Structure formats: structure tokens, C-alpha cells
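Engineer: model the structure of this input:
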Amino acid sequence: MEDELTCPVCLELFADPLLLPCSHSVCKACIQDIINSKLKAKTKAEADQKVVCPSCRKDICINTETINTLPKNLALENIVFRYQEEYSKTLTRSSASPSLDKHDTSGTLSDASLLGEVGDAEFPVEHNQLCELCETSQNRKAAWHCQQCKVSYCHSCLDKFHPRRGSLMRHHIRQPSDIADDDTVPFCSDHVTENTPIYCWDCKLLVCHLCVCESVGKHAGHKILENSTALQKIQQTFSRYKDEVNDLKSHHSEFMNKIEDIQTENQETYQESCRRVECQYQQMLSDLTCVLTLQKQNTLKSLESTNEQTKKLLDGHLQSSRKDCSDLDLLLTKSEITEDITETLSKGAILGETDDDIVQARKQMKALESDLQHSVKENASTTSKIQGAAKSFASGTTSLLCNILDLDDSCCIPVIPHIQSPTAYCRSPTNKSDTPRVQNKYLITWGFSTTTFTAEEISQNSTWSVTIEKNTAGHAGNIGSGYIFGIGISSSILNFKDSVGRNDRSMGVICENGSLYFSNNSKNKDLIMPLGKLPISLSLSIMKLPQEGVVMIYKISSAELGEMLVGRKLITQMQLTTIYPVFTVTQRVKMVFPTFV
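Structural biologist: Residues are numbered from 1 along each chain as shown. Presented below is the predicted three-dimensional model:
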């Protein structure tokens, strides 16, 4: 009897059944769902076409406007009500005799399947579930569980709170269990009473069998898979996505590492550039200070010399005047007349001589006045010169600074110094004919702590460069302490034991205790910059000025950082009638010359 009372669409007991023109019945809500599904899936013109009967598959002319004209199957509805009443009585008897098993011959519990899906177990399942709606102080043990409400009921609470009427009639009732419902298949969103055992791959949705009915379900014609197959494909797809995402994350990680490396490199470059700017600033300040100091010393010496000459001249005039005054005092003494007539008459003999002395004194006075007038004129000129010394110092120094700053090595001839053997210099430092001439590729010392090499004299503006590297021939050591190397010029040939910058004949760039200095006679050392890493390149340019002296321009650079510093030195404190390039190396470094210029 249950099959005749079951709707062919929702497979539940009929609820508000309508009689179709083909004499089959269907729930009003079900036929409405079928029409709504067609409206959603097709255009309005297609929606006006016929609907297929779910029982006999005949075409029926019906739509949303004509659905209310279908007759209601009252006889079938009454039969369903009577069937539900009988079933309710059966539940009442079952609650009074809970020990009766499901296979009782009286059929008390065998009719429980009328509630829908009552569970697949053939014997009652042992559980500890309690009724969730009992109003007594102690809840009774649950006898039923609604899958849609997710609530467990005892027999009395099921009748009271979950009657088999209206929409509750379509709920699925089963026996309670302690096993969680994690694997329970959800219900269809379009057909709320239907489970979703299949998967629409096109829409990526769980659907029921009504959703794929031809010309009825909105997923008809779509690619349909079993849930297990769809789960496997989705898992494989997400596994591939996961691999791709991990690969992208790996690329992003590498990308971020590169960016961080670039940032670190940029920061290091920035800090190094700031350090180089500071070193260049200090170097230019030192160079300018040296020029200003030299000009000040020269100006003060010139003022002192002028002042001494003027003072000497005026002192001469003053001494001459004092001598004349002494002579006049003698004449006054001779010209004195006493009361003694005899003594006075005796002085008559010197009247002529006295007259001559007075005439001579007048001549000397005139000469002294003439010299004084000339000296006054010279003194005025000298005073004007002294008074304008500050202005002359400012203009002359400014002009000299401009000339020095405008100088570059473009006016110098590039050369590769020819080094002569230090031992030959020791034997005959003045006889160059016996000294071998060698264009060296590099300079090293052999057995001595330091060795100095002197190149051939240069007679014109010249520039040369050398690269300083660590000596890898077993002598490499700490380059941060002691005297390491020196490159400069000398006014004469140096002994091989004389270090550049440590005597009164040479000056240049030296490396000492991990820093670079410009040194002259070891007494005047100006810090240039810290040494840093080897190798470095050092270029020297020598330019002779007509009056001021010699300007030395030195450039320090490296292959890694490029040109790091440029310095200029004005050399006036020694007579450079001859200029020799000189080089000092220790066992820790070697100097490499370029192969061509």
C-alpha cells in the first residue's frame, strides 16, 4: 500500500496531491518544482511548452498560470491521512512496549519505515542518545532521529513536536546512533527532501536524481559524476593547484630573496658611497687647507722679508743721524767761549777748521734729508704693499686654487716607469750607464722586509699607474699593520732601504697600519682613507707650474667600486729640479704595471 501512497517525484507520502490530465497524481509542491526548474533552465518561450508526467512520461500542457486549475485528488489525500493516523497509533503502542523488537510478528515496528529512511540496520542499534525535547526532569532515551532537524526524539516527543504533517512529513527519520553524521550526504538545495548522491561537474554542485531528469531538472544534459569520482577529481585538481601554488611560492621566495639581496647590496653601496663622499670631502678640505697654508706661509715670509729690509734701511738712516748729532756736539764744545781772554784768543787758530766742519755738517745734513725723503717714498710704497698683503693673498690664493682644481691628467703623457736594479744603484748611484734598464711587469721584494725602486727621471708632465695586489708567493700576511707600500716621487735616487715618504727627499701615497696617507718625511702625514680590500689601483700625475712648484694628482680606484678618491697636492717645500718616480714594496704585496698605455 505504501507504494501507491508515494509521490513518484519526491518518493514521499503524497502531500496536497493534484490529479494530472493523464490520471496520475503528484504533490503540488513537486509539480511546482518541476515547472520552476524549467523556468530557470530555459527561456520563456521554451517554458510555455509541455511538461512530462513523472509516472507515464506523457506530455502535459501546464504552466505556473494553469497549475491552480488542476483538480485536487481528495480521495488520495484522505487515504494518506487515514494511513498516517493508523501509523500514529502504531507508534503509541510501540512506546508502551519499547522492548518489542523490529521483527515482531504483530508488525508494530515494521511499519516504522513509513516515516521515511528509518535506518539500514536490521537490528536495533545500541546507543546512548537521549531525547533532546523531553520536558521531564530526566530525559528519556531517544527512539528516533530526524536527519534534517538533527534532533533526537523519544516516542512521545516525536508525536508532540514532529508530527507527520505538512513539510515535516517529508523529513527522514532513522534510529539514533552514537556515530557522528560527518559522512551524511547533504540534501538537495532545489529538492529539500532529496539526498545528493551525484555531482554535477559543469555546475560544480551536489545534486539529486530529480535535478538530472530529462526536460525537468535544471542539470539535465550536464556532465554527472558519482560523488566518489568527483571527490577524486577535485582532490587531484586541488593537489595540482597546491603544487602550482607551492611552485609559485617558491618562485616568490626566490624573487623576495633576490630583492632582499639587491636591497642589501644597495644599502652597502649607499653606505660605501657615503663613506667615499666623506673621504673625498676630507681629502679636498685637506688639499685646500694645504694650499692655503703654503700660501699663507709664503705671504708671511714675504711680509717678514719686506719688513726686515725697511727696518734695516730706516735703522741705517737713524744711525747716520745719531753720528751727525755726535759730531755737532763736538763742534759745540769747540765753539764755547770762556772768560779767560788768553784761552779765547788761542782758539782763533781753529776758526777756519771749525768753519769747514760746519760746512761739511751742512752738506751731510742735506744728503741725509735727501736720503730720508727717498726712504720715506720707498717706505710709503712698502707700507702700501704690506697693507695690501691680505688682499693680494686672497686674490693670489684664489687664482692658484682655481688653477689647481682645473688641472687634470689630460695634459700629462702616460708612461710606464722603467725601473733600474736597486743593487746597481748601490754599486754606482750616479753612473747610469752601467745600470740595467728594465720595463717591469711587477715589483716584489726578495728577502728584505722592504725594497725601494727608483725609476728613470721624468722631464715633462707625466702620469703612470700601478695596481697593488696581495703577494701570493708565500709571504702574504696581515696588511692592517706596519708599513705596506709607498708610491710617489723623489728629488734624487733613493737607496733600496729608503722607504717612500719617510725621508726628506721623497713624498707620496703610503699605506701604513691599514690606512692610506699622503706622507712627506714621515712628519707630515695626511690621512686619505682606509685601505679596504686589495687589489686597488693608484694613478699619479705630475704637472709643473711656472712659479708655484709641482702639482701631484693621485687617483685611487678598484675594480669593484670604480674610482674612489681624487687628491691634489701642491709641492713647494723642496727644490724639485729633478723628479724620479719611486716605489716601495714589502713582502706582503706586489705592484703590477700595465702592459701598455
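
Engineer: the stretch 401-550 of the chain: helices as residue ranges?
Structural biologist: Using DSSP state H, counting those that start in this stretch, the helices of the stretch 401-550 of the chain run over residues 422-427.

Engineer: distance of the residue nearest to the spatial centre of the chain from residue 256?
Structural biologist: Central residue of the chain (CA atoms, centre = their mean): residue 263, 2.1 Å from the mean position. Using CB to CB, to the nearest Å, residue 263 is found at 10 Å from residue 256. Every residue, glycine included, has its C-beta placed from N, CA and C.

Engineer: output the longest helix belonging to this protein.
Structural biologist: helix 227-334 (DSSP state H).

Engineer: that helix - contacts with which helices or strands?
Structural biologist: strand 198-200, helix 351-387, helix 389-406, strand 524-530, strand 562-571 (3 or more CB pairs under 8 Å, 6 or more residues apart in numbering; DSSP states H and E).

Engineer: looking at the ones you listed, which is closest to residue 296?
Structural biologist: Between residue 296 and the helices and strands packed on helix 227-334, the tightest spacing by CB to CB is seen for helix 389-406, at 7.0 Å.

Engineer: give me the contact list for the closest one.
Structural biologist: Contacts to helix 389-406, defined as CB atoms under 8 Å, 6 or more residues apart in numbering, come from residues 287-288, 291-292, 295-296, 299, 302-303, 545, 548, 551, 568, 570.

Engineer: let's see 6 Å
Structural biologist: Helix 389-406 has contacts (CB atoms under 6 Å, 6 or more residues apart in numbering) with 291, 295, 299, 303, 551, 568.

Engineer: what of stretch 557-573?
Structural biologist: Contacts of stretch 557-573 with the rest of the structure, by CB under 6 Å, 6+ apart, involve 276, 279-280, 283, 287, 291, 294, 404, 529, 536-537, 549-556.

Engineer: which of the contacts of helix 389-406 sit farthest apart?
Structural biologist: Farthest pair in those, by CB to CB: 303 and 568, 26.4 Å.

Engineer: out of those two, which sits in the more crowded spot?
Structural biologist: Taking neighbours as other CB atoms under 10 Å, residue 303 and residue 568 compare with residue 568 leading, 22 against 15.

Engineer: now that one. Nearest residue, chain neighbours left out?
Structural biologist: residue 287 (4.9 Å; CB to CB, 6 or more residues apart in numbering).

Engineer: and that neighbour, how far from residue 559?
Structural biologist: Between residue 287 and residue 559 the computed distance is 26 Å (CB to CB).

Engineer: give me the more crowded residue out of those two.
Structural biologist: residue 287 (21 against 9).

Engineer: how close does that one get to residue 134?
Structural biologist: In terms of CB to CB, residue 287 sits 102 Å off from residue 134.

Engineer: quick check: beta-bridge partners of residue 467?
Structural biologist: residue 537, residue 592 (DSSP bridges).

Engineer: run through the residues that contact it.
Structural biologist: Contacts for residue 467 (CB under 6 Å, 6+ apart) come out as 535, 537, 592.

Engineer: now do 8 Å
Structural biologist: Under the criterion of CB under 8 Å, 6+ apart, the contact list for residue 467 reads 535-538, 591-594.

Engineer: next: residue 371.
Structural biologist: By CB under 8 Å, 6+ apart, the contact list for residue 371 reads 317, 320.

Engineer: so what's residue 154 scoring on pLDDT?
Structural biologist: Per-residue confidence (pLDDT) for residue 154: 90.

Engineer: residues touching residue 53, list them.
Structural biologist: Counted by CB under 8 Å, 6+ apart, residue 53 has contacts 20, 22, 24, 26, 59-60.

Engineer: mind running it again at 7 Å?
Structural biologist: Contact analysis of residue 53 by CB atoms under 7 Å, 6 or more residues apart in numbering lists 20, 22, 24, 60.

Engineer: just these: which are in strands?
Structural biologist: Per DSSP state E, strands hold the following members of those: residue 60.

Engineer: tell me how far residue 248 lies from residue 236.
Structural biologist: 19 Å.

Engineer: cool, residue 478 as well?
Structural biologist: Where residue 236 is concerned, residue 478 sits at a distance of 64 Å (CB to CB).
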